[in-house]
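Student: What follows is a predicted structure for the sequence shown.
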Amino acid sequence: PAHLGAAIELTLKPTVTRFPRNPDCVFDDPARGFSGQPSTLFDGDLDGEGNVRFEKHLELPRDVPGMLRATFVTRVFETGGAFSIARETRTIAPFERFVGLRLPKGDVARDMLLTDRKHVVELATLVAPGRAVDVDRIQVSLYKIEWKWWWDQTGDSLAQYAQRESQAMVQQDTIATKGGKGEWTLEVK
């Protein structure tokens, strides 16, 4: 139908970043969280043939953990007041390149990496479509993160739950990848 009102809304949510080339690697950053708010891409009228064409540059956030799932919701408003709705979902790569890690198995029985031993972490570098790419400088850092909690009570007040997190860098190196592969050795004393 011609000249009906239409609106297109976009919502971005994180999704697991997977590449068939490196299925055992983790490409998502567990230290980052993201919750996207819906945004309006288009709010206007359809043309005489019931179509609309527009261009919109998406400003993708840079602090996301990995790939994003983009959900486009389109509404076309009928003359009687009702509306038709359609949803379409696509995966969007917010970065040109991705770095993935494959941690060593370590002590499988206790599910941990032992101290005073060298452990090799495999790295994979890919461009968004999944093709291997060489990267000259990747900074790799290992942090010790501690989390403590306690009950705190003063005077006649009720006890309150308190917590604190601290982090300290243990090791930092710069490595390169060739053919989309690299290695980094870590050791915790």
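Tutor: That came in fine, so what should we check first? Residues are numbered from 1 along each chain as shown.
Student: so where's this protein uncertain?
Tutor: 1, 155-158 (pLDDT under 70).
Student: pretty sure E183 contacts V121?
Tutor: Yes. Here E183 reaches V121: they are 6.9 Å apart, a contact under Cβ atoms under 8 Å. C-beta here means a position set from N, CA and C on the backbone, and glycine is covered the same way.
Student: And the two? Which one has more around it.
Tutor: Neighbour tally, E183 and V121, criterion other Cβ atoms under 10 Å: the higher count belongs to V121, 17 against 11.
Student: which residues in this structure form strands?
Tutor: Counting by DSSP state E, one finds strands in the chain at the ranges 5-14, 39-45, 68-77, 83-92, 97-102, 119-127, 135-152, 160-177, 181-186.
Student: Could you dump these into a markdown table and include distance to R53?
Tutor: Formatted as a markdown table, the strands of the chain follow (distance: least, Cβ to Cβ, whole Å):
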| stretch | distance to R53 |
| --- | --- |
| strand 5-14 | 12 |
| strand 39-45 | 10 |
| strand 68-77 | 13 |
| strand 83-92 | 16 |
| strand 97-102 | 32 |
| strand 119-127 | 29 |
| strand 135-152 | 38 |
| strand 160-177 | 41 |
| strand 181-186 | 43 |
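Student: quick one, which of those is nearest to R21?
Tutor: Between R21 and these, the shortest separation by Cβ to Cβ is 6.6 Å, and it involves strand 119-127.
Student: Can you list the helices and strands that that closest one packs against?
Tutor: strand 97-102, strand 135-152, strand 160-177, strand 181-186 (3 or more Cβ pairs under 8 Å, 6 or more residues apart in numbering; DSSP states H and E).
Student: Can you list the buried residues in that strand?
Tutor: Across strand 119-127, burial judged by 16 or more other Cβ atoms under 10 Å covers 121-126.
Student: returning to that earlier point: which stretch among the strands of the chain comes nearest D111?
Tutor: strand 119-127 (13.8 Å).
Student: and the closest one, how far out from the chain's middle?
Tutor: Computed by Cα atoms, centre = their mean, to the nearest Å, the chain-centroid distance of strand 119-127 equals 17 Å.
Student: now stretch 74-82
Tutor: 35 Å.
Student: And stretch 23-34, by the same measure?
Tutor: 6 Å.
Student: just stretch 23-40 next, same as before
Tutor: The chain centre lies 2 Å from the centre of stretch 23-40; the measure is Cα atoms, centre = their mean.
Student: burial of M169, as a residue count?
Tutor: M169 has 9 neighbouring residues, counting by other Cβ under 10 Å.
Student: can you check I8 too?
Tutor: Neighbours around I8, by other Cβ under 10 Å: 20.
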